[in-house]
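Asks: Dropping a prediction and its sequence here:
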Amino acid sequence: MYKFKEEYNLEVTDGLQEKYQGILERIGEDVNREGIEKTPERAAKAMQFLTQGYKMDPEAILKKAMFKEDYNEMVVVKDIELYSLCEHHLLPFFGKAHIAYIPNGHIVGLSKLPRLVDVFARRLQVQERLTHNILECINKTLKPKGVAVVIEAEHLCMMMRGVQKQNSATTTSGFRGQFQKIETRNEFLKLISANLK
Ligand SMILES: Nc1nc2c(ncn2[C@@H]2O[C@H](COP(=O)(O)OP(=O)(O)OP(=O)(O)O)[C@@H](O)[C@H]2O)c(=O)[nH]1
Ligand SMILES: [Zn+2]
């Protein structure tokens, strides 16, 4: 099961709904007013949707579409949009992931790379771990000659609250195998910053 569906476990919805109702009461809201009445249920469903990644098997996603192919050049999928929740404040961070790998006998279905990003992004995360989760899963499952992941993101917990910086962005990266060589890494970095489409 690795499609993101609007399907909710009734028991989980009920449990979360009760907690969200408590939160609304605590912040001084009238939980019976029209606009808010259904909010605990909506929030319970939204939280389940945003954390669906826990139930999914990322390796199975890649294994479903691995094809034998004698292609030994770099494959880059860039600008994969992502939305996640920071594990510290439960506030969103969002941005783009760029992924590259150099095949080693097998290529993977292109759509599986954004799917992999979503499986790990739809868990409570820090950007560093999200980057490593993606990197290590590709490395372990596809066993490529090299793999690289770069994530650029903005964190609402740094924008809407806390330090309140509106223009900072965070970049994280990980490189394995041939991407540890500076020329290969530079080729990847050049490709993701180029305006190609
Ligand atoms: N390294 C890392 N830190 C993150 C990420 N998301 C949020 N944080 C940080 O987690 C830290 C939690 O720090 P605390 O001091 O415990 O929490 P806080 O008092 O709410 O911190 P402030 O955000 O500075 O107000 C903050 O510095 C956040 O900016 C992430 O993806 N990676
Ligand atoms: Zn945060």
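Replies: Cool, the structure landed. Ligands and ions are numbered 1, 2, ... in the order given.
Asks: three-state assignment of residue 152?
Replies: Of the three states, residue 152 takes strand according to DSSP: H, G, I helix; E, B strand; the rest coil.
Asks: One more: residue 98?
Replies: Under three-state DSSP, residue 98 falls in the strand class.
Asks: got the domain boundaries for the chain?
Replies: Domain assignment for the chain by automatic domain parsing gives 10-50, 57-193.
Asks: Most tightly packed of those?
Replies: Neighbour counts averaged per stretch over those are highest for domain 57-193, at a mean of 17; criterion: mean count of other CB atoms under 10 Å. For the C-beta atoms, the positions are set from N, CA and C on the backbone; glycine is no exception.
Asks: what about that one, near ligand 1?
Replies: Yes. Residues of domain 57-193 contacting ligand 1 under CB under 6 Å from any ligand atom: 86, 88, 126, 127, 128, 155, 157, 158, 162, 163.
Asks: ok, back up a step: tabulate the domains of the chain in CSV, adding columns for mean pLDDT.
Replies: Formatted as CSV, these follow (pLDDT from 0 to 100):
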stretch, mean pLDDT
domain 10-50, 97
domain 57-193, 98
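Asks: so of the residues of domain 57-193 next to ligand 1, which ones are in helices?
Replies: Applying DSSP state H to these, the entries found in helices are 127, 128, 157, 158.
Asks: what's the spacing between the most centrally placed residue in the chain and residue 55?
Replies: Nearest to the mean C-alpha position of the chain, by CA atoms, centre = their mean, lies residue 121 at 2.4 Å. For residue 121, the distance to residue 55 equals 14 Å [CB to CB, to the nearest Å].
Asks: okay but residue 130 is in contact with residue 120, surely?
Replies: Yes. Between residue 130 and residue 120 a contact is recorded at 5.4 Å, counting by CB atoms under 8 Å.
Asks: so after whatever helix or strand residue 11 lives in, what's the next helix or strand?
Replies: When elements are assigned from DSSP states H and E, residue 11 belongs to helix 10-26. Downstream of helix 10-26, the next assigned helix or strand under DSSP H and E is helix 34-37.
Asks: which outside residues touch that next one?
Replies: Here helix 34-37 makes contact (CB atoms under 8 Å, 6 or more residues apart in numbering) with 24, 29, 30, 31.
Asks: in this protein, which spans are strands?
Replies: If DSSP state E is used as the criterion, the strands of the chain fall at 66-68, 75-86, 92-102, 106-108, 124-125, 146-155, 170-177.
Asks: TSV for these, including distance to residue 15?
Replies: What follows is the strands of the chain, written out as TSV (distance: least, CB to CB, whole Å):
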stretch	distance to residue 15
strand 66-68	38
strand 75-86	18
strand 92-102	23
strand 106-108	37
strand 124-125	17
strand 146-155	28
strand 170-177	33
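Asks: Select, out of these, the one closest to ligand 2.
Replies: Nearest of those to ligand 2, taken as CB to the ion: strand 75-86 at 3.2 Å.
Asks: touching ligand 2 at all, the closest one?
Replies: Yes. Residues of strand 75-86 contacting ligand 2 under CB under 5 Å from the ion: residue 86.
Asks: and that strand, what does it pack onto?
Replies: Under the contact criterion of 3 or more CB pairs under 8 Å, 6 or more residues apart in numbering; DSSP states H and E, strand 75-86 touches strand 92-102, helix 112-121, strand 124-125, helix 127-142, strand 146-155, helix 182-193.
Asks: Great, nothing more from me.
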